[in-house]
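> here is a sequence together with a model predicted from it:
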Amino acid sequence: MSPVLDIQGVSVRRGRKNLLDDVTWSVAEDERWVVLGPNGAGKTTLLQIAAARLHPTVGSVQILDETLGAVDVFELRPRIGLCSNALASSMPVGERALDMVVTAAYGVTGRWREEYERLDERRAFELLNSWGVGTLFDRTFSTLSEGERKRVQIARALMTDPELLLLDEPGAGLDLAGRESLVHRTAELVAAEEAPTTVLVTHHLEEIPPGFTHVLLLREGRTVAQGPIREVLTSENLSTTFDIPLQLHEREGRFSAFATTG
Ligand SMILES: Nc1ncnc2c1ncn2[C@@H]1O[C@H](COP(=O)(O)OP(=O)(O)OP(=O)(O)O)[C@@H](O)[C@H]1O
Ligand SMILES: [Mg+2]
């Protein structure tokens with residue numbers, strides 16, 4: 001079985017800076033990855049590539065058996081669910097929450113749009129409802145709180161029933177109950193049969209849902225370590241990645257880390 005995502009020797013250069021520097025990363029269908037790294041490490045850049053929204057300066061990228069550069073990205077993108085602030089800020093100001101979600105389906109339904117419109121709206125509403133923001137369907141996206149926006153963005157990412165789901169800091173701005181509900185929903189989502197292959201970028205180990213299988217640690221555009229979560233998520237690797245001594249803790253499948261003192 002070929003990987004869902006296969007990134008080989010990828011660098012992204014802007015001016016003299018390498019946002020990503022010779023990254024090789026492969027994600028198989030049944031894997032759920034967490035990407036960790038300091039601010040500016042290149043996590044969002046990597047997800048933009050995985051989402052077929054950015055081409056690397058060098059290297060090759062295969063996404064869902066298609067080669068980036070040789071495929072029509074407008075056909076590929078609906079197969080990928082992306083939740084990211086960059087995407088949300090590119091949406092038209094004044095967009096209704098429901099429309100934020102419905103428009104994710106446009107690429108898929110194409111010329112049969114009108115026929116599917118009602119079905120799309122129903123599905124979008126159900127997704128909003130299941131993420132706890134159904135009552136906000138008619139609100140302008142820009143008037144929503146940060147946490148409410150996140151939930152709408154996740155609903156949008158799921159709208160096309162994607163094969164690959166990419167979540168860039170979905171928990172940022174959520175309150176404690178919201179974060180816990182996100183962690184449990186994501187754990188349920190990835191455990192389900194037919195679940196999409198999922199990649200989650202986060203700054204907080206507490207946000208890693210149980211059931212995630214692999215970790216990629218990035219620092220200054222380079223891979224520090226990658227592989228199965230049990231092997232790679234260690235105090236030592238975290239300390240190298242964040243350049244401070246950190247102690248990893250695990251309790252009932254959930255993680256946290258603290259700087260060691262003394
Ligand atoms: N067009 C650009 N020109 C120059 N530098 C850029 C450009 N776009 C991004 N960068 C830089 O690339 C680096 C990687 O950015 P990226 O957004 O991928 O980091 P990140 O790991 O997602 O960080 P954060 O945790 O803060 O979200 C950052 O230092 C950023 O300032
Ligand atoms: Mg980022």
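The structure has been received and is ready for your questions. Ligands and ions are numbered 1, 2, ... in the order given.

> let me see the contact set for the nearest residue to residue 134 once chain neighbours are set aside.
In space, residue 134 comes closest to residue 128 once its chain neighbours are excluded; the distance is 4.7 Å by C-beta to C-beta, 6 or more residues apart in numbering. Where you see a C-beta, it was placed from the backbone N, CA and C, and this is true even at glycine. Contacts for residue 128 (C-beta atoms under 8 Å, 6 or more residues apart in numbering) come out as 97-98, 101, 134, 136-137, 151-152, 155.

> A helix includes residue 128, no?
Yes. Under DSSP: H, G, I helix; E, B strand; the rest coil, residue 128 sits within a helix.

> gap between it and residue 151?
8 Å (C-beta to C-beta, to the nearest Å).

> that older thread, between the contacts of residue 128, which sits nearest residue 85?
residue 152 (12.2 Å; C-beta to C-beta).

> and residue 60, its phi and psi?
Recorded main-chain torsions at residue 60 are phi -120, psi 150, according to degrees, to the nearest 10.

> do residue 164 as well
phi -130, psi 130.

> report how many residues lie close to residue 135.
By other C-beta atoms under 10 Å, 10 other residues sit near residue 135.

> name the SS class of it, please.
helix.

> hmm, which helix or strand of the protein has the shakiest average pLDDT?
helix 106-109 (a mean of 54; mean pLDDT, DSSP states H and E).

> quick check: residues of the stretch 1-150 of the chain near ligand 2?
Within the stretch 1-150 of the chain, the positions near ligand 2 by C-beta under 5 Å from the ion are 43-44.

> please, where are all the helices along the stretch 1-150 of the chain?
43-50, 73-76, 85-89, 97-102, 106-109, 113-130, 146-158 (DSSP state H, counting those that start in this stretch).

> which stretch in those is the model least sure about?
Across the helices of the stretch 1-150 of the chain, helix 106-109 has the smallest mean pLDDT, namely a mean of 54.

> show me where the chain has strands.
For the chain, applying DSSP state E gives strands covering 5-14, 17-27, 32-36, 58-63, 66-67, 80-83, 164-168, 197-201, 214-219, 222-228, 246-251, 254-259.

> what sits against residue 187?
Here residue 187 is in contact with 209-211 (C-beta under 8 Å, 6+ apart).

> which one of the residues you listed sits closest to residue 11?
Nearest member of these to residue 11, counting by C-beta to C-beta, is residue 209, at 30.6 Å.

> wait, doesn't the closest one sit right on residue 180?
No. Assessed by C-beta atoms under 8 Å, residue 209 is found out of contact with residue 180, at 10.4 Å.

> whichever residue of the chain sits closest to ligand 2: what's its closest spatial neighbour, skipping adjacent residues?
At 3.2 Å from ligand 2, residue 44 is the closest residue in the chain, using C-beta to the ion. What sits nearest to residue 44 in space, not counting adjacent residues and going by C-beta to C-beta, 6+ apart, is residue 168, at 5.7 Å.

> what does the pLDDT read for that neighbour?
pLDDT, read off for residue 168, is 96.

> near ligand 1, which residues of the stretch 1-150 of the chain show up?
14-15, 17, 19, 37, 39-45 (C-beta under 6 Å from any ligand atom).

> got the strands of the chain as JSON lines, with mean neighbour count columns?
Shown next, in JSON lines, are the strands of the chain (neighbours: other C-beta atoms under 10 Å):
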{"stretch": "strand 5-14", "mean neighbour count": "17"}
{"stretch": "strand 17-27", "mean neighbour count": "19"}
{"stretch": "strand 32-36", "mean neighbour count": "24"}
{"stretch": "strand 58-63", "mean neighbour count": "18"}
{"stretch": "strand 66-67", "mean neighbour count": "14"}
{"stretch": "strand 80-83", "mean neighbour count": "24"}
{"stretch": "strand 164-168", "mean neighbour count": "25"}
{"stretch": "strand 197-201", "mean neighbour count": "25"}
{"stretch": "strand 214-219", "mean neighbour count": "22"}
{"stretch": "strand 222-228", "mean neighbour count": "17"}
{"stretch": "strand 246-251", "mean neighbour count": "13"}
{"stretch": "strand 254-259", "mean neighbour count": "15"}
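
> that's all I had, so thanks and see you.
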